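K.L.:
Turn this into a structure:
(chains A, B, C and D, ligands or ions: 2)
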Amino acid sequence: MNLAVEAVQVSGVVVARLRGELDHHTSEAVRECVDAALEEAGSPFLLWNLAELSFMDSSGLGVLLGRYRRISQQKGKMAVCGPTAPVRRLLELSGVLSIVPVYDDETTAIAALREA
Amino acid sequence: MNLAVEAVQVSGVVVARLRGELDHHTSEAVRECVDAALEEAGSPFLLWNLAELSFMDSSGLGVLLGRYRRISQQKGKMAVCGPTAPVRRLLELSGVLSIVPVYDDETTAIAALREA
Amino acid sequence: MSARRNYMRLEFASRSENESFARVAVAAFVAQLDPTVEELAEIKTAVSEAVTNAIIHGYPDGEGLVAVTCTLDGDTVEIVVEDRGCGIEDVELARRPMYTSRPDLERSGMGFTIMESFSDRVDVISRPGEGTRVRMVKRLQSSAPTFD
Amino acid sequence: MSARRNYMRLEFASRSENESFARVAVAAFVAQLDPTVEELAEIKTAVSEAVTNAIIHGYPDGEGLVAVTCTLDGDTVEIVVEDRGCGIEDVELARRPMYTSRPDLERSGMGFTIMESFSDRVDVISRPGEGTRVRMVKRLQSSAPTFD
Ligand SMILES: Nc1ncnc2c1ncn2[C@@H]1O[C@H](COP(=O)(O)OP(=O)(O)O)[C@@H](O)[C@H]1O
Ligand SMILES: Nc1ncnc2c1ncn2[C@@H]1O[C@H](COP(=O)(O)OP(=O)(O)O)[C@@H](O)[C@H]1O
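P.N.:
Ligands and ions are numbered 1, 2, ... in the order given. Take a look at the predicted model:
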């Protein structure tokens, strides 16, 4: 599969790191991995590190927005960091950037998520 | 075009440097460039630097063997240097390596060609 | 003109593994027009949307064939994605931003909107029970001018 | 088994620009079986040989259609390259190492030999005036075992 996903906990924030291409075929693996990590952490704070994601289409938007909905209900927060140019364009175009903040890197993003 | 070719003269040897993919479509450009350089140099010594050639098929063999024939008639010499693994395999399989010597790098190859 | 005209057609089983194959194949074909990195990313995304729709929505309960044709003419790319699946009842509704018939699959409803943003023109022809045909046309800014 | 079966078909104009497109497309499709780098290089080369032959020899004086189909079944890849061009008078002669009918084009006559070396099996069916069909079968060593 041309996507690798890992989800780790950093200072109470679940960080999902994606590498490769996120489309409908690879979306299920991401959903499972991230949902399991959120469950385990018991924390509604989620950061998507997209620095190594070379491709994403609207199936990826669905995955992001699905987690966003769930986290919002738990009064948590979600953010994105490091998107490559094409991914950033998709996030912009779809309006995701108007509800989810974007940061340059993990450290800045985690600090901002914890501040709230 | 997914192939770049340059031909330069180094110590009386024409060095043809190929980058990218050599197939039937890109072979004409190589033929033209190398034949012009041989003509201009007036020297029947030719080195193929294949270190950056990622792909070659039998159309490439045709180009190499065509120059080989011509150069042999002029009592010249031809060599190859730096082939990547797949290109080396093709040269081996087709028997080209039994008539054309292969060297690691340009410097060694040029020295060997001049020795004769 | 005809010297710059080129054509290809792709057919494949409606399996999700083939989404990435379809966009790589189209990109490799379009590459001969020397598109910019951004144009190529737009084309890959638009193809991915249309092909994914054919796979998920066109054939929801089984495998069928998806066809992608691509024609290059001068600096213009035309891509047609077709399925012989269930078709769309109301195309106008389907094209609305955020509309999806499958919220249960966490679809975002942004597929058509993305195809429209990333090409100059999108036509959809669909007949319930017969299938769907999505045609996208995009003119490349980057192409070398045609002298003929 | 059927879960590991997949199919695609490619058709394109017999233009030399399409040689690289054809091998990239086949490689992108076969990639789902996780071939080694070496296996992928062998497949690309074999496809390039068969497709180039269809373009040069099959349609020497004009444009025609070339079709490539690829079927994955378990760890086995089957690739068929077809043209409806001039056909081959003597297939046995054509397959001989170093034989070429076009020394004027600096052909090496090694195309069939390379296809044979890089696949487990090559079948050629050709009829003068009707066209040529080259079928290559290759079993990948690298594929994950099938559990079914
Ligand atoms: N090829 C197709 N066959 C059947 N229905 C389709 C097809 N493509 C799109 N649709 C319908 O149009 C709707 C909107 O499509 P789209 O904008 O891509 O969003 P999404 O795929 O996220 O649902 C889909 O939910 C589906 O109902
Ligand atoms: N698709 C084809 N249509 C017609 N003739 C073909 C085709 N493929 C191969 N041939 C014939 O078989 C010969 C040997 O092919 P090959 O081993 O690939 O060598 P080469 O392409 O270098 O000539 C060709 O020279 C040609 O006469």
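
K.L.:
When you work out contacts or count neighbours from here on, use the C-alpha atoms and nothing else.
P.N.:
Fine.

K.L.:
C-terminal to the helix or strand containing residue A:87, what's the next element?
P.N.:
Using DSSP states H and E, residue A:87 sits within helix A:85-93. Where DSSP H and E defines the elements, the next helix or strand beyond helix A:85-93 is strand A:102-103.

K.L.:
Can you tell me the closest non-neighbouring residue to the residue of chain C found nearest ligand 2?
P.N.:
Closest residue of chain C to ligand 2, C-alpha to the nearest ligand atom: residue C:8 (18.4 Å). Nearest residue to residue C:8, sequence neighbours excluded (C-alpha to C-alpha, 6 or more residues apart in numbering or on different chains): residue D:12, at 4.1 Å.

K.L.:
tell me the pLDDT at the one you found?
P.N.:
Residue D:12 is assigned a predicted lDDT (pLDDT) of 98.

K.L.:
Partner strands of whichever helix or strand it is part of and their direction?
P.N.:
Assessed by DSSP H and E, residue D:12 sits inside strand D:6-13. Strand D:6-13 has the following strand partners under DSSP bridges: strand C:6-13 (antiparallel), strand D:65-73 (antiparallel).

K.L.:
do you know which of those strands lies nearest ligand 1?
P.N.:
strand C:6-13 (13.8 Å).

K.L.:
So which residues make contact with that closest one?
P.N.:
Strand C:6-13 has contacts (C-alpha atoms under 8 Å, 6 or more residues apart in numbering or on different chains) with C:18, C:22, C:29, C:63-73, D:6-13, D:15.

K.L.:
Separate out the buried members of these.
P.N.:
C:18, C:22, C:29, C:64-73, D:6-13, D:15 (16 or more other C-alpha atoms under 10 Å in any protein chain shown).

K.L.:
can you pull the contacts of the residue nearest the centre of chain C?
P.N.:
When C-alpha atoms, centre = their mean is applied to chain C, the residue found nearest the centroid is residue C:47 (3.7 Å). If you count contacts by C-alpha under 8 Å, 6+ apart, residue C:47 has them with C:22, C:23, C:26, C:81, C:115.

K.L.:
The fourth one bridge partners, please.
P.N.:
Read that as residue C:81. residue C:68, residue C:134.

K.L.:
could you give the angle of the longest helix along chain C to helix A:85-93?
P.N.:
Ranked by number of residues, the top helix in chain C under DSSP state H is helix C:37-53. Per axes from the mean of the first three to the mean of the last three C-alpha atoms, to 10 degrees, the angle that helix C:37-53 makes with helix A:85-93 is 60 degrees.

K.L.:
Quick one: residues contacting residue 17.
P.N.:
This is for chain A. Per C-alpha under 8 Å, 6+ apart, neighbours of residue A:17: A:5, A:6, A:7, A:48, A:49, A:50.

K.L.:
let's do chain C instead
P.N.:
A:25, D:32 are the contacts of residue C:17 under C-alpha under 8 Å, 6+ apart.

K.L.:
Backbone dihedrals for it, please?
P.N.:
With angles defined as degrees, to the nearest 10, residue C:17 sits at phi -60, psi -30.

K.L.:
So residue A:115 versus residue C:69, what's the distance?
P.N.:
Distance, residue A:115 to residue C:69, by C-alpha to C-alpha, to the nearest Å: 51 Å.

K.L.:
which SS class is the spatially closest residue to residue A:62 that is not a sequence neighbour?
P.N.:
Excluding its sequence neighbours, the residue lying closest to residue A:62 (C-alpha to C-alpha, 6+ apart) is residue C:108, at 4.6 Å. Three-state call for residue C:108 (DSSP: H, G, I helix; E, B strand; the rest coil): coil.

K.L.:
Can you tell me how far residue C:108 is from residue A:58?
P.N.:
Counting by C-alpha to C-alpha - residue C:108 and residue A:58 are separated by 6 Å.

K.L.:
Likewise for residue C:137?
P.N.:
20 Å.

K.L.:
the more surrounded of these two?
P.N.:
Set residue C:137 next to residue A:58 and count neighbours by other C-alpha atoms under 10 Å in any protein chain shown: residue A:58 wins out with 27 against 21.
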